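1. Show me how the following folds:
(chains A and B)
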Amino acid sequence: RGGMLAAVLLLLTAAGPGPGPVPVRAGRDALREELLLSPLPDGDVAATFQFRTRWDADLQRGAVSHYRLFPKALGQLVAALGVRELHLALTQGFWRTRVWGQPPLQAPAGAELWVWFQPTVTDVDKAWEELSNILSGIFCASLNFIDSTNTVTPTASFKPLGLANGTDHHLLRYAVLPREVVCTENLTPWKKLLPCGSKAGLAVLLKAERLFHSSYHSQAVHIRPICRDASCLAVSWELRQTLTVVFDTFSSGQGKKGKLGSSALWSLSVHSTSLSLPLTLLPTDWSLFKMFSRTLTDACPLASQSKVYVDISPKNKEKELLEVTPPPASVHEAIVQGDKRTYAVYDLLSPSLFNTSRSLNVQLKWKRPQDSSDLPTPILHAQRYVSGYGLQTGEISTLIYNTHPYRAFPVVLLETVPWYLRLYVHTLTIITKGKENKPSYIHYQPAQDRRRPHLLEMLIQLPANSVTKITIQFERALLKWTEYTPDPNHGFYVSSSVLSALVPSVIAMKDVDVDVEQSSLFTSLFPSSDGSSYFVRLYTEPLLVNLPTPDFSMPYNVICLTCTVVAVCYGSFYNLLTRTFHVEEPSRGGLAKRLANIIRKFRGVPPL
Amino acid sequence: VVEGLALLDLGVSPYSGAIFHETPLIIYLFHFLIEYAELVFMITDVLTAVALYLAIQDFNKVVFKKQKLLIELDKYAPDVAELIRTPMEMHYIPLKVALFYLLNPYTVMSCVAKSTCAINNTVIAFFILATIKGSAFLSAVFLALATYQSLYPLTLFAPALLYLLQRQFIPIKLKSKSFWLYTMQYAALYLCSLVVIICLSFFLLNSWDFIPSVYGFILSVPDLTPNIGLFWYFFAEMFEHFSLFFVCVFQINVFFYTIPLAIKLKEHPVFFMFVQIAIISIFKSYPTVGDIALYMAFLPVWSHLYRFLRNIFILSCVLIVCSLLFPVLWHLWIYAGSANSNFYYAITLTFNIGQILLISDYFYAFLRREYYLTHGLHLTRQDGTEAMLVLK
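-> Model prediction:
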């Protein structure tokens, strides 16, 4: 009996979570979690969480019944509907590329869903409809509003990000719901999909009251198949959950405790939203507690890797910009988006981290104010606006900036415009540096009323150091009164247009020796084929357009009045067609006249 | 049309979108003529005016001949001398018709806007010319072209048939064999030319896409862009459940006046044609002012009815005022934002009532003159006092 007890005790201790990393074995799954803190030019800070579950099982073949780290809801979804790749993003706010630099992974405002289906799926539209409804239930978002009027099939823009065997674009569906609002209801089911939930590891920082008090919040789910190892003989499935949030000094509502006193900094920050940066004053210091009102206490026990990266790249070669406390255990250098960047690394799984204090509160202190040489100008950024007056016509203009001094590169522009803004493709003009720029590839699918939206995809060559202006005119349609939203004078949203480009980078990007498994998550988001360029996907602003409205209080009146007009015609013609002219005979008088005559006779008055 | 051509250039079918709803022949025509579009529309207007001029000239001769025949056959009452039309008063009518069409502000607006309605008007004018000249083949061909472009001229088949029968001196009796023979001939000519034109369109663009885009569009009214007609606001405010029912009702409304009018006006097919064109212009699903210009061009032909018109002053005022208010209220709704759609809709209603009453007024005057011609101008009752004439 004692031996059995000892054996049970041994099993219990062996099965408990150990401090060391869990080894990845075939048929097993692994979780890596990562937080990247990057300071932005005007004193804001961007935090990007990535939780990556990799599962060495083939979801498509054979019934998989034992789910461990990979969430069962998503695994069953992928298996049942024949999904090859799924990307869902729920975003609130807009990433200001011109001010904040190129985003690691941007998503358009609202909800965005794009899916590649397996070639075995016969009815892609039906699978798409089922998928959007199921996802709507899983994420508590109104994705069930995705239907044929906002779904398009892009031909050039959304190539698969995972393993792909041929790319028949009829298997791709893309939809955006720009009106979708993201809130705590969407965050909670997203957190539930994480293996540790929000109880341990980096996910303890995800508290809704801090996350939604920000100027940009984007949460996404990406599922794709990847190679199991370097020889790529088998397929693994990867689930990445990313959450990007930008805290800014203004909307975070923190009192300014910078080195120059709170009031002066506060008044300056009110004005500095239009200026690009406060030139002589130090921006606020940030810390994990200040951003999330929590600190990190431990790593997720199920994670094989749990790290916090802080971007401490010196923008200016001589002087250091940022000071990080506690001092990092190691420093990691990587080439991200054409730039050599330095990161301070905190490994939550290393035992030395929590030696001094039980919690980790990374603090970022600015050592010197930023000056103009620190501003990164993104090589590619874009802007879109609608112009025109009145409710009849308008014009959508997109401005694309290529700030690279000497390299030209092509960009694919995808525009999805709802059917009630009737685009006139003969008014499409693309002007670069005052001259007309003809796109090398145009795919235009005009809209059909109440059935599908406009789809315009173009491959445009951007010369070095130039601004390209793309304009197209449209006419606004009058909808049926039931097709308007409850607040019709708010306007109708036009979803963001998508720009995809391979931006040339000065520094060679890919280091052939580095294994994807060992590199940080934020560098392995987009597969890159060669080292001379990196892939960037940008979104422009969504637009808000007003449509002419009928009077909603008038349905009965209108029906009555119009039918009256038709009846007037019918009546006059009926009279003229069925009656003939007669000479009028004097009438003997109706009943009333006779009664009146009888009364008159009694009175003795002459009759009528 | 420019958008359709641009879509063709991009390699996309012009009918895959919801903007282009013209026929393939128009695309083919404008493929070559797009550079000279203004000139094309000016020439079509001139052609319409010339066709109407020649048609009315011939028609006057026919009217005069018929009148002479009826006088000789003693069909007229003795005291109607002032109602008889003389060649002198009819001399300037064709010129007036042509000028009425060319100088009508609606025609000018239509030409400046480069609306394809002008082409439709030209085809119908040529159809009228061919019918009045008596050529059944040409008349069928032009009618097929007009029907091909906008479905509604189908109803002009009846007046054309009646006119041609009258011209051939075939009496319109349902039992008469020659009547049915001629009708079948004319119908066959018409249907064959229609089929030929549709097949030609198929071969131009290699698809049948144009049929739902052109005819399905006219019949099902999906586009609710405001125009001068009655349909757009009606269907914008319609309950979904009844939408199909009312679409059918409105379409039937255009077509079903044909048979009763044919029965009543079988002796006067050209007046029938006038009333039918007017009904089409008022009740078609997407009316434009160019359609109105076409039937208004005929008004000088019935200028001898002036003394019997009851409401002509009010109606002309209504039409003029409404035409002036249309752009004002459109601007207020769409650009200034200080009015709403009801203002524009009200003017639509009033304008259409004005047109309807105008046509029924002319119809009334025509029927009244016919009555006077056969029964005499000075009507007396049984007791010798002056009589009133009523419709009973």
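2. Tell me which residues touch the spatially closest residue to residue B:168 that is not a sequence neighbour, please.
-> Closest residue to residue B:168 apart from its sequence neighbours, by Cβ to Cβ, 6 or more residues apart in numbering or on different chains: residue B:182 at 6.6 Å. All C-beta spots, glycine's among them, are computed from the backbone N, C-alpha and C. The contact partners of residue B:182, by Cβ atoms under 8 Å, 6 or more residues apart in numbering or on different chains, come to B:161, B:164, B:165, B:168, B:170.
3. Among these, which lie within helices?
-> B:161, B:164, B:165 (DSSP state H).
4. what residues go with each domain of chain A?
-> A:33-252+A:283-370, A:380-510, A:551-578 (the TED database).
5. Output the below-cut-off pLDDT ranges for the chain.
-> No chain was given, so I picked chain A. Under the criterion pLDDT under 70, the flagged ranges of chain A are A:1-27, A:61-63, A:250-283, A:315-320, A:368-375, A:507-518, A:527-530, A:585-589.
6. Sorry, I should have been clearer: chain B.
-> In chain B, residues with pLDDT under 70: B:380-388.
7. Spatially central residue in it, please.
-> Closest residue to the average C-alpha location of chain B: residue B:277 at 2.0 Å, with Cα atoms, centre = their mean.
8. these two touch, right, that one and residue B:295?
-> Yes: judged on Cβ atoms under 8 Å, residue B:277 makes contact with residue B:295 at a distance of 4.6 Å.
9. Kindly report the residues of the stretch 401-550 of chain A close to chain B.
-> Counting by Cβ under 8 Å from any Cβ of the partner chain, the stretch 401-550 of chain A comes close to chain B at A:419, A:422, A:424-426, A:442, A:444-450, A:475, A:477-482, A:548-550.
10. which of these are buried?
-> A:419, A:422, A:424-426, A:442, A:444-449, A:477-481, A:548-550 (16 or more other Cβ atoms under 10 Å in any protein chain shown).
11. Report the closest residue of chain B relative to chain A.
-> Using Cβ to the nearest Cβ, the single residue of chain B nearest to chain A is residue B:17, 2.6 Å away.
12. Nearest spatial neighbour of residue A:161, chain-adjacent residues omitted?
-> Residue A:161 sits nearest to residue A:224 (Cβ to Cβ, 6+ apart), 5.5 Å away.
13. Please, which helix or strand holds that neighbour?
-> strand A:216-227 (DSSP states H and E).
14. Return the distance of the helix or strand following that strand from the chain's centre.
-> Sequence order places strand A:235-247 as the next helix or strand after strand A:216-227, per DSSP H and E. Strand A:235-247 has its C-alpha centroid displaced from the chain centroid by 13 Å (Cα atoms, centre = their mean, to the nearest Å).
15. Now chain A against chain B: closest residue?
-> Here the residue of chain A nearest chain B is residue A:446; by Cβ to the nearest Cβ that distance is 2.6 Å.
16. Am I right that that residue is in contact with residue A:424?
-> No: if you go by Cβ under 8 Å, residue A:446 and residue A:424 don't touch, sitting 9.8 Å apart.
17. how close does the nearest residue to residue B:198 once chain neighbours are set aside sit to residue B:191?
-> Nearest residue to residue B:198, sequence neighbours excluded (Cβ to Cβ, 6+ apart): residue B:148, at 6.8 Å. Distance of residue B:148 to residue B:191, computed by Cβ to Cβ, to the nearest Å: 12 Å.
18. the more surrounded of those two?
-> residue B:148 (22 against 12; other Cβ atoms under 10 Å in any protein chain shown).
19. mind checking which helix or strand that one is in?
-> Taking DSSP H and E as the criterion, residue B:148 maps to helix B:136-149.
20. And the contacts of that helix?
-> B:22-23, B:25-26, B:116, B:119-120, B:123-124, B:126-127, B:130-131, B:153-154, B:156-157, B:160, B:164, B:185-186, B:189-191, B:193-194, B:196-198, B:201.
21. who touches the nearest residue to residue B:158 once chain neighbours are set aside in this structure?
-> Once flanking residues are discounted, residue B:158 sits nearest to residue B:262: 4.7 Å by Cβ to Cβ, 6+ apart. Listed by Cβ under 8 Å, 6+ apart, the contact set of residue B:262 reads B:158, B:159, B:162, B:272.
22. Can you classify residue B:262 by secondary structure?
-> At residue B:262 the chain is in helix, as set by DSSP: H, G, I helix; E, B strand; the rest coil.
23. just the one 10 residues further on next, same as before
-> Three-state assignment for residue B:272 (three-state DSSP): helix.
24. can you check residue A:606 too?
-> Recorded secondary structure, residue A:606: coil (three-state DSSP).
25. now do residue A:401
-> With three-state DSSP as the basis, the three-state label of residue A:401 is strand.
26. returning to that earlier point: summarise which helices and strands the strand holding residue A:224 is packed against.
-> Under the contact criterion of 3 or more Cβ pairs under 8 Å, 6 or more residues apart in numbering or on different chains; DSSP states H and E, strand A:216-227 touches helix A:72-81, strand A:83-93, helix A:184-192, strand A:235-247.
27. To residue A:535, which of those lies closest?
-> Nearest of the helices and strands packed on strand A:216-227 to residue A:535, taken as Cβ to Cβ: strand A:83-93 at 14.1 Å.
28. Strands along the stretch 251-392 of chain B, start to end?
-> Taking DSSP state E, counting those that start in this stretch as the test, the strands found in the stretch 251-392 of chain B are B:389-391.
29. and it, which of its residues are near chain A?
-> Of all the residues in the stretch 251-392 of chain B, those lying near chain A are B:253, B:257, B:260-261, B:263-264, B:279, B:282-283, B:333-335, B:337, B:340-342, B:345, B:349, B:352-353, B:356-357, B:360, B:363-364, B:367-368, B:371, B:379, B:381-382, B:387-392, going by Cβ under 8 Å from any Cβ.
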